[in-house]
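K.L.:
would you be able to build a 3D model of this:
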Amino acid sequence: MTISDRIFERLAQLSMSQKEFAELTGIKPSTISEWKKNGTNPSSDKLLGICRALDVSPEWLLSGVDPAAGRVKNHEYYVVDVHTDTGHMIEGFNTLDRSQRDRLIGYMEALKGISRN
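P.N.:
Predicted coordinates for the structure are as follows:
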């Protein structure tokens with residue numbers, strides 16, 4: 001099953017029209033229709049908005065696996081929306097040089113009351 005297949009399956013489950021979906025995501029209705037007609041998938045910059053609109057995880061949208069169902073092991077990575085506090089922190093962190101990053105990590109560890117290593 002493709003990403004677009006999962007999108008249209010979820011739309012049916014939610015009884016959501018393509019028009020409503022377009023309004024929630026800001027994606028042009030013609031683009032959504034093209035996915036269905038041609039069996040193509042959305043571009044990566046649209047995925048988080050799609051996940052929010054459909055109330056699904058990025059992992060489910062990309063793979064069809066639902067981590068909440070307990071069928072997969074926990075992964076050692078996060079998918080973060082840049083418009084959240086965490087996303088803002090990551091963007092800032094990525095602008096720092098190595099010594100600034102190490103210093104910030106030290107502050108966070110001190111705040112959490114743990115030691116590094």
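K.L.:
ok, longest helix in the chain?
P.N.:
When the chain is scanned for its longest helix (criterion: DSSP state H), the result is helix 98-112.
K.L.:
figure out how far it is from the centre of its chain.
P.N.:
Centre-to-centre, helix 98-112 and its host chain are 26 Å apart (Cα atoms, centre = their mean, to the nearest Å).
K.L.:
which strands or helices does that helix pack on?
P.N.:
In terms of contacts (3 or more Cβ pairs under 8 Å, 6 or more residues apart in numbering; DSSP states H and E), helix 98-112 is not packed against any helix or strand. From N, CA and C alone the C-beta is placed, and that goes for glycine too.
K.L.:
would you put the C-alpha positions of the worst-scoring helix or strand of the chain on mean pLDDT in PDB?
P.N.:
The least trusted helix or strand in the chain, going by mean pLDDT, DSSP states H and E, turns out to be helix 58-63, with a mean of 87. Extracted as PDB, the C-alpha positions of helix 58-63 are listed here (Å, rounded to 0.1, in the frame of the first residue of the first chain):
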ATOM      1  CA  PRO A  58       4.200   9.900  10.300                       C
ATOM      2  CA  GLU A  59       5.300   6.300  10.900                       C
ATOM      3  CA  TRP A  60       1.800   5.000  10.000                       C
ATOM      4  CA  LEU A  61       1.600   7.300   7.000                       C
ATOM      5  CA  LEU A  62       4.900   6.200   5.600                       C
ATOM      6  CA  SER A  63       4.900   2.600   6.500                       C
END
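K.L.:
packing partners of that helix?
P.N.:
In this structure, helix 58-63 packs against helix 3-14, helix 47-54, with contacts taken as 3+ Cβ pairs under 8 Å, 6+ apart.
K.L.:
what about the very next helix or strand once past it, average pLDDT?
P.N.:
The C-terminal neighbour of helix 58-63 among helices and strands, as given by DSSP states H and E, is helix 85-94. The pLDDT scores in helix 85-94 average 89.
K.L.:
what's in contact with helix 85-94?
P.N.:
Helix 85-94 is contacted by residues 78, 80-82, 101, 104 when judged by Cβ atoms under 8 Å, 6 or more residues apart in numbering.
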